[in-house]
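Enquirer: Output the structure for:
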Amino acid sequence: MKFQFSLIPIFFFMFSIHAWSIPKKPEYHNGTFIYKIYYEEQNSWMGDTVIVKIHNDRIKIYAKKVNISGIKNGELMEDGVIRQHKSGVWIISSPNSPQDVNLDHIEACRGDAPATIDFKKKIYWMC
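Expert: Next up, the predicted model:
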């Protein structure tokens, strides 16, 4: 009896490994959007909004309708790179800080933490 070798099991095994290792598709798209500002201290929306401009992994956030002392409407509030934190939360990080994805704390009220953003709910988190 002759042994027949089949490539079918190998193909399915390799395909399943490849499909498992495909990076998750980003939850954001290029364009200009209006987002609500949620304040971490209140965990709520106070009526403030921002203009979010995304191009590839770069993001700029401009004040649209804000009642924040010292910030004028149209002013650039945030300029950075979109990265996904190890917790799954999207952060806005400095271009020179790829290590931000591994920070232990990413709360908006920590002075050294990057800003967080929710692309599904269109929320920009602030302290």
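Enquirer: For the chain, which segments count as strands?
Expert: Along the chain, the segments classed as strands by DSSP state E run 31-39, 44-55, 58-65, 76-84, 90-93, 115-118, 123-126.
Enquirer: Given the third one, what are its sheet partners and their directions?
Expert: Right, strand 58-65. Based on DSSP bridges, the strands next to strand 58-65 in the sheet, each with its direction, are strand 44-55 (antiparallel), strand 76-84 (antiparallel).
Enquirer: Report the backbone C-alpha coordinates of the first one in CSV.
Expert: Taking Å, rounded to 0.1, in the frame of the first residue of the first chain, the C-alpha atoms of strand 44-55 are listed here in CSV:
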residue,chain,number,x,y,z
SER,A,44,-20.5,62.9,30.9
TRP,A,45,-21.0,65.3,28.0
MET,A,46,-21.2,69.0,28.9
GLY,A,47,-22.2,70.3,25.4
ASP,A,48,-18.6,70.8,24.1
THR,A,49,-17.6,69.6,20.7
VAL,A,50,-14.4,69.4,18.7
ILE,A,51,-13.5,69.0,15.0
VAL,A,52,-11.4,65.8,14.4
LYS,A,53,-9.3,65.6,11.3
ILE,A,54,-7.8,62.2,10.5
HIS,A,55,-5.3,61.3,7.8
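Enquirer: how many degrees apart are it and strand 31-39 in direction?
Expert: 150 degrees (axes from the mean of the first three to the mean of the last three C-alpha atoms, to 10 degrees).
Enquirer: just to revisit the earlier point, with distance to Ser97 and mean neighbour count added, can I get the strands paired with strand 58-65 in TSV?
Expert: Where C-beta positions appear, they are placed from N, C-alpha and C, glycine not excepted. Putting those into TSV (distance: least, C-beta to C-beta, whole Å; neighbours: other C-beta atoms under 10 Å) gives the following:
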stretch	distance to Ser97	mean neighbour count
strand 44-55	18	16
strand 76-84	8	17
